[in-house]
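Engineer: Sequence and computational prediction follow.
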Amino acid sequence: MRHAIATVSLSGTLEEKLAAAAAARFDAVEIFEADLLYFGGSPRQVRELASDLGLQIALFQPFRDFEGVPDDEFRRNLERAERKFDVMQALGAPLMLVCSNVGQHTLDDPGRTAAQLHALGERAARRGVRVGYEALAWGRRVKTFGQAWKLVEQAAHPHLGLILDSFHTLALNDDPAPIADIPGARIFFVQLADAPRLAMDPLSWSRHFRCFPGQGELDLAGFLAPVLRAGYSGPLSLEIFNDDFRAAPTRQTASDGKRGLLFLEEQVARGLEAAAPDARPKRRIELFAPPPPPIFEGAAFVEFAVDRNAERALAGWLDRLGFRRAGRHRTKDVTLFRQGGINLVLNAEPDSFAHSYFLVHGPSVCAIGLRCSDELQALSRAEAFGCTRFEGRVGPNERMIPAVRSLDGSLLYFVATGDDPLDNDFVLEPDDGARAAGLTRVDHLAQALPAGQFDAWILFYRAVLGLEPAATVELTDPYGLVRSRALASANRALRFPLNISDSRNTATARSVSTFAGAGIHHIAFESADIFATAARWRAAGVAVLPMPDNYYDDLAARLDIEPDLLARMRDNSVLFDRSPDGTYLQCYTEAFEERFFFEAVQRIDGYDAYGATNAPVRMAAQARRRATVDPALAESL
């Protein structure tokens, strides 16, 4: 289908917004009235600028407070509409959005309202344009699409039709199913917006918290499916009011919007395919159909960008954590460490991607290998959703592993199940098993994100990798709140908790400032026996993050825990969580160069979360540790 975006959805000047929409390969734009008012040229120049960029102007919006008014006010409104029709003709916009009246003195007279809408349609017909009527969720007399459709139907003018907006329907928990019974030709335009579920009035919710499809919690697929069943075949357009988007880079936001529309089309296409034949669209609609996500089976490897000094220091850490040096790359300054099914790669190769990444971010995770059922299918899907393929330098007899850049410029490699390119590229050393600490696999990779990037990463992982989001939780750091939301594959083999904080002094925000951007700030390894792991770590001199006795006293008061188990947890700084699904045990190392840290976890009886109740204890312990290491830092906080 054709895709459009409202200029209000993007930051910047009108010129920048149009250029970003074109770069993201939108077909059309909605010109928001304020953007035109602030533009330094004429409407005709806007039309020429859009045309030069290959964009149609699909809609001019909004025209407010028109209908349901006394006769003298209605006459003035018609004069106002004529001036807007002049603007539309100069813009080349074929459609004007008229939203339902929000005035407190709007008349409760459906017959009058329908007649006034008919008159507006008649004026539009004379000018060769059309008018679309949209119900605002906070409209005075008209709030729902059903009410708006009754008025459009009663007005009975061919140049007057219905505009549907997913937010206005779903914010009121209105059932979108009856949309399927509206003639598709009378639906003139469709606007889409997702949003988190919030308990607030629809106006405030709409003006500040809308987001792109796939970033929120509304059932947009359930809204769009009946629209297509009705026979609608026009553009799908994004109308997003969001405080973060207004401050975000314009082109990245436009790219996110395009990815969101594609993701939504894919969801709807799958739903329609599964529906009965008589429930499918009345017209043939071509929806986006990328390769489905493959089955992910966890992290094949995690690659760190390091220099010589960082390599020596991190190698020492890994040795104490029970990893062995498993091999050296055949042609590059790259070292492989292994334990159980975990592969950690330390890349100090000059003139490489990792070296460039290190110069910007310091010691950090620069690439992750994802093991999957079909690596080319994963690559094709990622490219279909706008990811850029990466092809690095490959030496003789070395393997080319399919890879794409993620949002922060780091790499995602796709490794086929049953294939191990590391065995081919490294000169391997024998394993005597002496150092192992019982770690078996990567459980999850947690990312710290800069302000304004939370929604973009959620959409990225949902669309590109097909991961499923959990509910958002708020975690208490001693210096502010941290918002966290985890995404995981259906089989839970691949997990990415995302963390963001508006406070500059939280552990999450400090990770972002240290990384100079988004980055993996902790890596959790699964342990078959966390107490055996803790004993091995203690014997090796691992800097385990100490936990306060008060935490364990509170556990004893709140939960029925065997005294012996509680004592073992206290002795090993192991944290405990329990859910209806099972039990979770976890312990943390101190931070490596204040950049990232490691965690050992043990999931028992199907536990499926991340110990959120323990996160405040961990962050307080990290804050105490920072204050101990750097008292001056503690004073500044």
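Structural biologist: Yep, it's here.

Engineer: quick one: contacts for residue 471?
Structural biologist: residue 485 (Cβ atoms under 8 Å, 6 or more residues apart in numbering). All C-beta atoms are positioned from the backbone trio N, CA, C, and that covers glycine.

Engineer: What strand or helix carries it?
Structural biologist: Residue 471 is part of no helix or strand, with elements assigned from DSSP states H and E.

Engineer: So what does it look like in phi/psi?
Structural biologist: As for residue 471, its main-chain torsions (degrees, to the nearest 10) stand at phi -70, psi 150.

Engineer: Residue 414 contacts residue 390, correct?
Structural biologist: No - between residue 414 and residue 390 there is no contact under Cβ atoms under 8 Å: 11.0 Å.

Engineer: more crowded one of the two?
Structural biologist: Each of residue 414 and residue 390 has its neighbours counted (other Cβ atoms under 10 Å); residue 414 has more, 25 against 18.

Engineer: which residues touch whatever helix or strand the more buried one lives in?
Structural biologist: Per DSSP H and E: residue 414 is located in strand 411-416. Here strand 411-416 makes contact (Cβ under 8 Å, 6+ apart) with 294, 300-301, 303, 353, 366-376, 378-379, 382, 390, 401-406, 421.

Engineer: In PyMOL, select just the buried ones from those residues.
Structural biologist: Applying 16 or more other Cβ atoms under 10 Å to those, the buried members can be selected in PyMOL as follows:
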select buried, resi 294+300+301+303+353+366+367+368+369+370+371+372+374+375+378+379+382+390+401+402+403+404+405+406+421
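
Engineer: mind listing the helices for the stretch 201-350 of the chain?
Structural biologist: Taking DSSP state H, counting those that start in this stretch as the test, the helices found in the stretch 201-350 of the chain are 202-209, 220-229, 243-247, 250-274, 308-320.

Engineer: and the gap between the residue nearest the centre of the chain and residue 486?
Structural biologist: Among the residues of the chain, the one closest to the centroid is residue 458, at 2.2 Å (Cα atoms, centre = their mean). Taking Cβ to Cβ, to the nearest Å as the measure, residue 458 falls 10 Å from residue 486.

Engineer: now residue 105
Structural biologist: Counting by Cβ to Cβ, the gap from residue 105 to residue 486 is 49 Å.

Engineer: do residue 566 as well
Structural biologist: Counting by Cβ to Cβ, the gap from residue 566 to residue 486 is 27 Å.

Engineer: between the two, which one's more packed in?
Structural biologist: A side-by-side neighbour count of residue 566 and residue 486, using other Cβ under 10 Å, places residue 486 first with 23 against 17.

Engineer: Identify the residue nearest the more buried one in space, chain neighbours excluded?
Structural biologist: In space, and not counting its chain neighbours, residue 486 is closest to residue 497: 4.1 Å by Cβ to Cβ, 6 or more residues apart in numbering.

Engineer: Just to check, that neighbour is in contact with residue 443?
Structural biologist: No - checked against Cβ under 8 Å, the pair residue 497 and residue 443 is beyond contact range at 10.4 Å.

Engineer: count of neighbours near residue 52?
Structural biologist: If you count neighbours by other Cβ under 10 Å, residue 52 ends up with 10.

Engineer: before we move on, back to that, who does the strand holding residue 414 pair up with?
Structural biologist: The strands that strand 411-416 pairs with in its sheet are strand 364-372 (parallel), strand 403-405 (antiparallel) (by DSSP bridges).

Engineer: tell me the contacts of the residue nearest to the centre of the chain?
Structural biologist: Contact analysis of residue 458 by Cβ under 8 Å, 6+ apart lists 214-215, 469, 485, 487, 498.
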